[in-house]
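Engineer: Provided below are the primary sequence and the corresponding predicted coordinates.
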Amino acid sequence: MSEEVKPQEKLSVRDLVKQAEVVGNVFSRYTYGIDKIYITLRKEKKLPLGSYVFVLDEDGLPIVYQVASPEYYRFGYDFEKRLIAHGRISKDESHTYDCTGILVGKLYENGKIEPPRYPVTPLAEVYLCTPELVKMITEPDTSYKVKMGTDPLTSQSVCIDLRPLIRQGLLISGAQGTGKTTALLTLIARSLEAYKNLRFIILDWTGEFQPLSSLEEKGVKVYSIAWDKFVTGLKKEDPELTLQLIREEDPRARPDRAPGEVILAALILCKKKNLYPTKERVKNNIGAQKGARMPETIQIACNIIDNANCIPEQEPQTIYGKEDLLKAIRENNIVIIDFTRTEDTSVPDDIEVKKRVGAFLASAFGRRPRGIRTSVA
């Protein structure tokens with residue numbers, strides 16, 4: 001899926017600057033800033049949108065800008081309409097080709113790009129970046145990078161350095177259909193080609209990440225599991241969610257009514273005792289509240305539990321909890337929690353329940369294990 005990206009040659013920024021061509025000057029009627037400069041190009045010079053240019057800082061290093069808003073600036077003449085009307089078109093050459101430069105940053109010899117400290121000098125010469133300089137600006141100077149695509153304006157490769165990405169994070173934003181999921185799929189696949197020991201946990205709400213299973217042909221370990229498997233572990237950890245599941249079956253279990261309050265107290269007691277909420281255990285905890293509750297309330301609560309399909313008769317042999325999730329991640333490169341697939345018929349396919357499960361799984365990474373990246377889509 002990815003091209004092999006070789007480390008680029010170490011080039012001297014100062015030597016590359018000497019090879020650059022002057023194409024214009026910084027010109028403004030009023031002020032000269034840092035984040036944006038106004039450029040007037042020399043005669044016969046034109047720059048396409050997205051080009052990279054630079055001005056020299058006082059120390060001889062380039063401050064790089066990207067071209068935006070190219071336009072002709074020319075004087076208008078009142079008699080031009082008459083010239084057109086009489087068929088004698090005058091091609092007046094008293095115009096300039098102007099554009100705006102948007103700051104990229106100051107390029108240092110070590111390849112770092114940082115904001116400059118001072119405004120550009122008035123009428124400073126503007127140079128066109130050589131292809132080598134453009135590469136230093138647009139591509140990380142490391143062999144651990146992945147190619148994400150090509151910039152349509154400049155035809156330059158778009159590459160991301162993996163090391164800071166793995167240690168920090170990434171936000172991909174955009175309107176529907178702009179390629180967010182495709183970009184993330186590409187990034188995950190190509191990251192695993194560069195780092196075989198990476199681990200990803202994906203909360204997949206739409207099923208769009210299932211194509212990652214095809215990476216198994218390349219030796220990548222991919223494990224997909226239905227979201228409702230973790231409801232077994234969550235019942236023990238989250239009494240309020242368990243009450244919500246019961247309420248889906250029987251509205252009398254609302255938390256603002258007496259039977260719901262009794263059941264919730266019984267579920268909380270199970271959690272404190274580190275016991276899985278089976279029918280017998282929950283009813284025993286309900287019975288323990290007889291002195292504080294009316295007999296009718298206790299009876300209704302017990303009847304609700306007897307008929308609740310989400311409360312098992314016996315403790316499940318397999319309980320999927322946070323430790324099971326972490327174990328699955330350690331044993332696989334990619335673990336996909338599929339929220340589009342509900343296998344247990346006793347679990348409602350409800351978005352609010354799914355949110356609770358998603359929050360429960362995310363809480364497993366309060367202290368994220370080394371080498372594990374979380375991705376929520």
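Structural biologist: Sure thing, it's come through.
Engineer: mind listing the helices for the stretch 1-150 of the chain?
Structural biologist: With DSSP state H, counting those that start in this stretch as the criterion, the stretch 1-150 of the chain has helices at 13-18, 80-85, 131-138.
Engineer: So for the second one, mean pLDDT?
Structural biologist: Read it as helix 80-85. Per-residue confidence for helix 80-85 averages out to 68 on the pLDDT scale.
Engineer: Equivalent analysis for the first one, please.
Structural biologist: Regarding helix 13-18, the rounded mean pLDDT is 92.
Engineer: What is it packed up against?
Structural biologist: Secondary-structure packing of helix 13-18 (3 or more C-beta pairs under 8 Å, 6 or more residues apart in numbering; DSSP states H and E): helix 131-138. Heads up, the C-betas are built off the backbone N, CA and C, glycines and all.
Engineer: and the helix it packs on, what does it pack onto?
Structural biologist: Using 3+ C-beta pairs under 8 Å, 6+ apart: helix 131-138 touches helix 13-18, strand 52-56, strand 62-74, strand 95-107, strand 157-161.
Engineer: the inter-axis angle of that helix versus strand 157-161?
Structural biologist: When axes from the mean of the first three to the mean of the last three C-alpha atoms, to 10 degrees is applied, the directions of helix 131-138 and strand 157-161 differ by 40 degrees.
Engineer: Just the C-alpha atoms of helix 131-138, please, in CSV.
Structural biologist: Listed next in CSV are the C-alpha coordinates belonging to helix 131-138 (Å, rounded to 0.1, in the frame of the first residue of the first chain):
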residue,chain,number,x,y,z
PRO,A,131,12.9,21.6,-5.5
GLU,A,132,15.4,20.5,-2.8
LEU,A,133,14.2,23.3,-0.5
VAL,A,134,10.6,22.4,-1.1
LYS,A,135,11.3,18.8,-0.2
MET,A,136,13.0,19.9,3.1
ILE,A,137,9.9,22.0,3.9
THR,A,138,7.2,19.5,3.0
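Engineer: tell me the mean pLDDT over that helix?
Structural biologist: 88.
Engineer: which residues sit against it?
Structural biologist: By C-beta atoms under 8 Å, 6 or more residues apart in numbering, the list of residues contacting helix 131-138 from outside reads 8, 11, 13, 16-17, 20, 52, 54, 62, 64, 104, 107, 111, 113, 129, 151, 154, 156-159.
Engineer: Which among those residues count as buried?
Structural biologist: When the contacts of helix 131-138 are checked for burial by 16 or more other C-beta atoms under 10 Å, the buried set is 8, 11, 13, 16-17, 20, 52, 54, 62, 64, 104, 107, 111, 129, 154, 156-157, 159.
Engineer: Give the other helices and strands that the helix or strand encompassing residue 356 contacts.
Structural biologist: Taking DSSP states H and E as the definition, one finds residue 356 inside helix 351-362. In terms of contacts (3+ C-beta pairs under 8 Å, 6+ apart), helix 351-362 is packed against strand 199-204, helix 231-237, helix 239-249, helix 322-331, strand 372-376.
Engineer: residue ranges for the helices of the stretch 151-300 of the chain, please.
Structural biologist: With DSSP H, counting those that start in this stretch as the definition, the stretch 151-300 of the chain shows helices at residue ranges 162-167, 180-194, 231-237, 239-249, 258-272, 279-287, 295-307.
Engineer: Turn those helices into TSV, including mean neighbour count and mean pLDDT.
Structural biologist: Conversion of those to TSV gives the following (neighbours: other C-beta atoms under 10 Å; pLDDT from 0 to 100):
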stretch	mean neighbour count	mean pLDDT
helix 162-167	14	75
helix 180-194	18	85
helix 231-237	21	87
helix 239-249	20	90
helix 258-272	21	94
helix 279-287	19	94
helix 295-307	17	94
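Engineer: Residue 213 is nearest to which of these?
Structural biologist: Distances from residue 213 to each of the helices of the stretch 151-300 of the chain were compared using C-beta to C-beta; the shortest belongs to helix 180-194, at 11.5 Å.
Engineer: Residue 286 and residue 262 touch, don't they?
Structural biologist: Yes - counting by C-beta atoms under 8 Å, residue 286 does reach residue 262; the two are 5.6 Å apart.
Engineer: Kindly point out which residues are neighbours of both of these two.
Structural biologist: In contact with both residue 286 and residue 262: 298, 301, using C-beta under 8 Å, 6+ apart.
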